[in-house]
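Participant: please find the sequence and the predicted model below.
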Amino acid sequence: MKKSSLPLRGSIGPGNHEYSNESLVKLLRWHFGHSEFRGKQLETIKAVLSGKDCFCLMPTGGGKSVCYQIPALATKGIVLVVCPLIALMENQVMALKEKGISAEYLSSTQSIQDKKKIHEDLDSGKPALRLLYVTPELIATPGFMAKLMKIYSRGLLSLIAIDEAHCISTWGHDFRPGYRKLSSLRSRLPNVPILALTATAAPKVQKDVIASLGLQNPLVLMSSFNRPNIYYEVRYKDLLDDPLADLSKQLKASGDVCGIIYCLERALCDQLSVYLGKYGISCAAYHAGLKNELRKSVLEDWLSSKIQVVVATVAFGMGIDRKDVRVVCHFNIPKSMEAFYQESGRAGRDQLPSKSLLYYGLEDRRRMEFILRNSSSADKKILPSSSSQKKLSEKSLTDFAQMVEYCEGSGCRRKQILESFGEQVPAFICSKSCDACKHPNTVAAYLEELTTTCAVGRNNSSSRIFVSSSNMNDEKEFSEFWNRKDEASGSEEDISDSDDDTEVVKSLAGTKSLKKSGLNEKIALLERAEENYYQNKISVKQNDKQDKNVVSASFREASRKRLENAIEQAQQRLGSSFKIEVERYACFLEHECYEKYGRTGKSFYYSQVASTMRWLSTADSKELTSRLRAEENTELPALPSPSPMLDLSKSEKTNEEVHCSPVLENPASNLSKQNASPAAAAPLPPIPSFAEFVNGRMEKANHSNKSPRLSINRDEKDPVKRTRLL
Ligand SMILES: Nc1ncnc2c1ncn2[C@@H]1O[C@H](COP(=O)(O)OP(=O)(O)OP(=O)(O)O)[C@@H](O)[C@H]1O
Ligand SMILES: [Mg+2]
């Protein structure tokens, strides 16, 4: 139904008082059906209507669009909206048209006829258009800039809204070179207020946006970033027998709800979508590798509830306005808290209870670290100074570390998100709406087990990634695989299709010459790299299967390293009076764990190492002294040279030598003999299992011989891994 506009058509400018709160609320109700303005909406609207530049920070789903849509309805002129994505523009324009509001967008996807119509309207001197959505690249073209100047000179440009304004900042999680071209707007169109909008809260990004856009004395309006209706949960891939099956189970358990699953790569989107489809979940993949038409139809099907779940790269979602998304799942760890916040924030925009699920896996972590480390070379065009590149690379790794901390920490997830944006919040703010607050003991147990399992597994997974990368002849080319920033041509066509973080085609197609010549070779090269990566992974996996119960040398060294740390911490805790040889005793204790359980199975070995560490963390100096000093007279085997194994910044070996070799290779050597020494007569105190430890803390209950396993559902096939059901 087409509605007539309310007769509120003033002009923007200082001292303009014709926009009363009541008249603006009336517009909101009439056109959008919302009863009241939310948060800082009204303040923002009034600021821009009075001609002020404004920087508006609102959480995802907070209602930023209304801040420029209402001014468009209140004034005579046109509101120009700059958007990073074609999908976003299409979506908003479609929604506005349905409301009877005259809005259009200009992009390469439109027919010549449609474009012509829009240009005719713009040239008419009395345009019917209220909102015109464009890409930043279009603004930079001389032709369009000339048109803008013309509209401006007629007094018909009332506001420039820069949506997703963080895209202008190289410090932001979603930097787009096209946005940098907006910096000339302020000087070319001096009297038009600029409204920058974003949900990115990092202070550095805020400052950068204001400076880059040249905003003058902007009114900065911020809202809290808390999303109380979203429940946050992390699930640990390394502890799950089958993460895919777990995901499918989770989705099914939520009912027939609308969801988004984010994956790092297109191929995984396709595979996951097929997999979930087989399990009766109606879903489709969405990524930049699909043809425009297909992408469009997936989006339409999802928006109209024909399909339930979209499995997508980050190409999907920025600004997509579906209010009732109940689950947003990250099947791979995102690259920063900002990205995570934006993406998970697409859930529950109707303010109803929703869920953010993040599947965290060590291999994903390593992969992302690799991508971030290597993507710095891709920034050369944009950041000519090597110190800027270095800074950016360091920054992305620091940002990513925050994301890892979110997954590996046991504290409130919500608090962590908000604090990462500089928002200090009290502990009770969460009200048990994250897994860490709702099930603290279970999360603690998972993390404990993860530490053991993953510290042990780190070696192998990392080396796989590095092996694949070293197979690349030209590292520079490989790093382009991850480069979304290479959009040097600035042609309008280049934008918005290159949204996948890790997708190559569009970013490689950034220059016309590349499009013609090197693209195919590069794609072939990248495909080979991917193949190598997966082949490598498969062969390592097969070996892993065969060796399922063998505690490998590298696993043992990782354990020894952890025990060393635990002894060092014990020393720190107990002060200078307690001094022992750290490496020597770490070796000894590790060997004891191995002797007791190594042959029985990995899980027992892990649990024994973890238990020993717990004992080290609580034992007093008397207990430690009697246990460890007793060994001093015993001759221990030669110790290994320090290993870089746990240093994540270094590449690691695939087939490590046994570092603690004299002890480990020959269990019947010195240390075995020590079992008959006085040390053996002073055994470790009884060591509880994980579950006993956690439950014991909480319940202080007596344990039977059965060794209760928390309330975790153990997978029947594999006792180590589990299907988590909180
Ligand atoms: N005052 C209001 N009252 C009720 N609902 C509102 C109000 N303002 C906006 N909304 C609704 O909130 C939802 C989110 O709005 P919008 O898309 O503008 O958010 P956003 O801040 O731009 O989010 P994102 O950061 O994801 O782009 C929309 O469905 C919109 O209709
Ligand atoms: Mg928006």
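Facilitator: Looks like it came in fine. Residues are numbered from 1 along each chain as shown. Ligands and ions are numbered 1, 2, ... in the order given.
Participant: domain assignment for this protein?
Facilitator: Segmentation of the chain into domains, based on the TED database, reads 21-222, 230-459, 553-620.
Participant: make JSON lines out of those and add distance to Ser626, mean pLDDT and mean neighbour count.
Facilitator: To be clear about C-beta, it is placed using only N, CA and C from the backbone, and glycine gets the same treatment. Putting the domains of the chain into JSON lines (distance: least, CB to CB, whole Å; pLDDT from 0 to 100; neighbours: other CB atoms under 10 Å) gives the following:
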{"stretch": "domain 21-222", "distance to Ser626": "52", "mean pLDDT": "91", "mean neighbour count": "20"}
{"stretch": "domain 230-459", "distance to Ser626": "26", "mean pLDDT": "87", "mean neighbour count": "19"}
{"stretch": "domain 553-620", "distance to Ser626": "10", "mean pLDDT": "76", "mean neighbour count": "20"}
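Participant: please name the nearest non-neighbouring residue to Val82.
Facilitator: Once its chain neighbours are removed from consideration, Val82 has its nearest residue in Ile162; the separation is 4.8 Å (CB to CB, 6 or more residues apart in numbering).
Participant: and stretch 129-138, end to end?
Facilitator: Start to finish, the residues bounding stretch 129-138 are 18 Å apart (CA to CA, to the nearest Å).
Participant: so is it next to ligand 2?
Facilitator: No. Interface with ligand 2: stretch 129-138 contributes nothing (CB under 5 Å from the ion), its closest point being 11.8 Å away.
Participant: Asn121 and ligand 2, how far apart?
Facilitator: Rather than Asn, residue 121 is Asp. When distances are taken as CB to the ion, to the nearest Å, Asp121 and ligand 2 turn out to be 25 Å apart.
Participant: who's in contact with the nearest residue to that residue once chain neighbours are set aside?
Facilitator: Here the nearest residue to Asp121 in space, its sequence neighbours aside, is Pro127; by CB to CB, 6+ apart that works out to 4.9 Å. Under the criterion of CB atoms under 8 Å, 6 or more residues apart in numbering, the contact partners of Pro127 comprise 78, 121, 151, 156.
Participant: before we move on, back to that, and the domains of the chain as a markdown table, adding distance to Arg627?
Facilitator: Rendered in a markdown table, the data for the domains of the chain read as follows (distance: least, CB to CB, whole Å):
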| stretch | distance to Arg627 |
| --- | --- |
| domain 21-222 | 48 |
| domain 230-459 | 21 |
| domain 553-620 | 8 |
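Participant: looking at this, Val328 is in a helix?
Facilitator: No. With the criterion set as DSSP: H, G, I helix; E, B strand; the rest coil, the secondary structure at Val328 is strand rather than a helix.
Participant: how about it, nearest residue that isn't a chain neighbour?
Facilitator: Distances taken as CB to CB, 6+ apart place Ala347 nearest to Val328, at 4.3 Å, with adjacent residues excluded.
Participant: repeat that for Leu131.
Facilitator: Per CB to CB, 6+ apart, closest to Leu131 is Ala103, 4.1 Å.
Participant: re earlier: and the gap between the residue nearest to Asp121 and Ser65?
Facilitator: The gap separating Pro127 from Ser65 is 20 Å, by CB to CB, to the nearest Å.
Participant: might you report the residue contacts of the closest residue in space to Tyr406 that isn't next to it in sequence?
Facilitator: Taking CB to CB, 6+ apart, and ignoring the residues beside it in sequence, Tyr406 has Gln416 as its nearest neighbour in space, at 5.3 Å. Counting by CB under 8 Å, 6+ apart, Gln416 touches 405-406, 409.
Participant: nearest to ligand 2 among the residues you listed?
Facilitator: Ligand 2 has its nearest neighbour among the contacts of Gln416 in Tyr406, at 23.7 Å by CB to the ion.
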